[in-house]
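Q: Return a 3D structure for these sequence lines:
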Amino acid sequence: MEDNPVRQPDDANGSPSAPDKRPSAGNLSKYARPALIAGASIAIVCIALLIIIFFLDSFNAATYSMTGKSVQDATDEARDIRDTYSGARIGAIVGLVVFGVIALASGVVLYLNRGTAPKEEYDDGEDVDFDDLAGQ
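A: Just a heads-up that it's a prediction; the model follows:
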């Protein structure tokens, strides 16, 4: 074997002191999981709200039409019935779109940074058996 006096620099040649070349997860992935949970939860609530509004609108239209009138008439009363839940409907649609986009974006961030999170293990080196846990 031949001694080679030329020393290789400690970079990406596999030496243990080489710095990690993976990109850091950044600040976004720290907030991505809570944003995904909140965005998906609020989007589901908005979907449920839209379903409830649909049934309430159908009920109001059915009860109004029992008198022989139509909700599509040009009267003030029919217009008021059509516009009863318009604010809640618009708010639910906007909320669904906004929080759906937030959930989608945070899912993409989590997917892109899926292998970059450091593995955290808690081990203080102490072995605990059943007698220690039972207090005996």
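Q: middle-most residue in this protein, spatially?
A: Leu36 (1.4 Å; CA atoms, centre = their mean).
Q: Over to that one: give its phi and psi.
A: Backbone dihedrals for Leu36, given as degrees, to the nearest 10, come out at phi -60, psi -40.
Q: change the start of the numbering to 28 and stick with it
A: Got it, first residue is 28 now, which makes that one Leu63.
Q: ok, it to Val128 distance?
A: Distance check for Leu63 against Val128: by CB to CB, to the nearest Å, it reads 12 Å. In short, each C-beta sits where N, CA and C put it, glycine included.
Q: can you check Arg109 too?
A: Using CB to CB, Arg109 is found at 29 Å from Val128.
Q: now the helices for the protein?
A: 55-92, 103-109, 113-139, 157-161 (DSSP state H).
Q: for those helices, which one sits closest to Asp151?
A: Counting by CB to CB, Asp151 lies closest to helix 157-161 out of the helices of the chain; the figure is 13.3 Å.
Q: Tell me who's in contact with the residue nearest to the centre of the chain.
A: 130, 133-134, 137 (CB atoms under 8 Å, 6 or more residues apart in numbering).
Q: Spatially nearest residue to it, not counting backbone neighbours?
A: Among residues not flanking Leu63 along the chain, Ser133 sits closest, at 4.1 Å (CB to CB, 6 or more residues apart in numbering).
Q: what about the residue nearest to Leu76 when sequence neighbours are not counted, how many neighbours?
A: Distance criterion CB to CB, 6+ apart; nearest residue to Leu76, sequence neighbours excluded, is Ala119 at 4.4 Å. Residues lying near Ala119 (other CB atoms under 10 Å) number 20.
Q: Wait, Ala119 touches Ile71, no?
A: No - in this structure, Ala119 is not within contact of Ile71 by CB atoms under 8 Å, at 11.5 Å.
Q: in the lowest-mean-pLDDT helix or strand in the chain, what's buried?
A: Ranked by mean pLDDT, DSSP states H and E, the weakest helix or strand in the chain is helix 103-109, scoring a mean of 79. Neighbour-count burial for helix 103-109, counted by 16 or more other CB atoms under 10 Å, picks out 105, 108-109.
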